[in-house]
Structures are given as structure tokens and as C-alpha cells.
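**Q** here is the input, now give the coordinates:
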Amino acid sequence: MKFLTAVVVVDIQKDFTTAYKGSLAVNGTDQTYLKSASEATKKLKGVGLPIYATQDWHPADHVSFASNHKGKKHLETITLEDGRTQILWPDHCVQGTEGAKLLLDEKLFAGIVKKGTNSKYDSYSGFQDDGGAKTVLDKTLKSTGIKNLIVYGIATDYCIKFTVLDGMAAGYDVTVIRDLTPEIAPDTAKAAWAEMEKKGAAIWPSLDMAKVKKLL
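**A** Numbering: from 1, shown residues only. Just a heads-up that it's a prediction; the model follows:
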């Protein structure tokens, strides 16, 4: 059976969770959340949908780490030499470290898309980094005829928002599962939800398998 819909699970990694006291832990990412995300992913896998995970995979000298900018602190915004603005974060998801580990069973995934691998560019989106370099995600999805995406993971304000917006820009119909998508801060999350909806994303309060089956 050829499916028109795929699932993209965004950055469910140790460093982003309170469950593992991650360096950039997002509120609402305790063991209860991880269990819910795992159960939802298994349900989607159970109906045959291909599931892809994105994984932050930063080199230690990554431009987004405050530790790489003398005198700067977490959440400061700086202007880079080429004029781009950059929010600074704690060191997180460094390549090969425990904090970068994916927390869902990797056997659930048809593929894992590593992002943020270039030290010079941040990469909130699962489709491309801030320099425009594409990941394998779009090519992989297009090669199998995927038209629709179901997206959830961490976190609403940044990696979810940019993955969703880039997905729609690439021609996919995108659905976001709200209760599987925790947020960093209420104000930025509110703006993110509004922007995604305005651009045409469908926002489901929770995973609805009856609706999913209509997308098959």
C-alpha cells in the first residue's frame, strides 16, 4: 500500500526534556509526555504510516551556543558577521553525546534526519538550516509520493514552527498535534500557533485516529 501521509516527530531528545534534566529542557516534557508521544507514534506506525524523526546534531563549536560567544548569556540575541540575528542557547544536542539521544524507539522510524550539523548555521527546521542547506527530508518524502504531514514534538515556538512552515512552503498539507507539542514560552508559542494556522496548517487538539485514517 502506498501512503500519501507521513509523520515527522521533531527533536524528542534528552537535552530538551525535563524528564532527563536536559540542558535546554522545555516545560511539559516529563515522563508522562514521553509516554504519550511514544504511544501516539506506535499508533501511527500501527496503521502503516512512515515516520521520520528529526534530530538536533550540533558540533561543539556551534554558532547557537552562548558558550562560544565570550561574555554572552543564554537567550541573548546577537548579530552575526553576515548580518543574521542569532538567539543564543545553552550547549545542547552535541554530536555523539547522551543529551543528543532520541528518546523514542528508533525502530519506529523509517529514517532519522539530522539537522544543525553545520557549526555556522542554526537549524530549527527539519527541512533546511539558516543558510538554506537542505536536509534529506524533502527529497525523501517526495521520492515516496508523500502529500500530507502529521507533525509533533519539541518545541512549538521554534523547531515545530519552522518545520511546519517549511513543510507547507514545500507543498505539503501539514497537521500539527497540539497536546504532543510542548512550548518554551507562552508568548512565542501563541505567536507560533497563530502563524502556522494563518499559513494553512491544521491544528488538532490531540491525535485523532479516525481523522488520520481519512488521510491514508
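**Q** which residue ranges of the protein form strands?
**A** Counting by DSSP state E, the chain has strands at residues 5-10, 51-56, 77-79, 85-87, 111-115, 148-153, 173-177, 202-204.
**Q** quick one, what contacts the closest residue to I87 other than its chain neighbours?
**A** Leaving out its chain neighbours, the residue that sits closest to I87 by Cβ to Cβ, 6 or more residues apart in numbering is T77, at 5.3 Å. Any C-beta I mention is one placed from the backbone N, CA and C, and that applies to glycine too. Residues near T77 by Cβ atoms under 8 Å, 6 or more residues apart in numbering: 85-88.
**Q** from the centre of the protein, point out the most distant residue.
**A** G71 (29.1 Å; Cα atoms, centre = their mean).
**Q** quick check on that residue: phi, psi?
**A** phi 80, psi 0 (degrees, to the nearest 10).
**Q** how far away is it from A100?
**A** In this structure, G71 and A100 are 27 Å apart, going by Cβ to Cβ, to the nearest Å.
**Q** got it, and T144?
**A** According to Cβ to Cβ, T144 stands 27 Å off from A100.
**Q** for these two, indicate the residue with more neighbours.
**A** A100 (20 against 12; other Cβ atoms under 10 Å).
**Q** contacting residues around the closest residue to that one other than its chain neighbours?
**A** Excluding its sequence neighbours, the residue lying closest to A100 (Cβ to Cβ, 6+ apart) is C93, at 4.2 Å. Applying Cβ under 8 Å, 6+ apart to C93 gives the contacts 11, 13, 15-16, 24, 55-58, 99-100, 116.
**Q** low-confidence stretches in the chain?
**A** Residue ranges of the chain with pLDDT under 70: 1.
**Q** longest helix in it, please.
**A** Secondary structure of the chain read by DSSP state H shows that its longest helix is helix 31-46.
**Q** show me the contacts for the closest residue to K114 other than its chain neighbours.
**A** What sits nearest to K114 in space, not counting adjacent residues and going by Cβ to Cβ, 6+ apart, is W57, at 4.0 Å. W57 makes contacts with 93, 95, 100, 114-117, as judged by Cβ under 8 Å, 6+ apart.
**Q** repeat that for K43.
**A** Per Cβ under 8 Å, 6+ apart, neighbours of K43: 207, 209.
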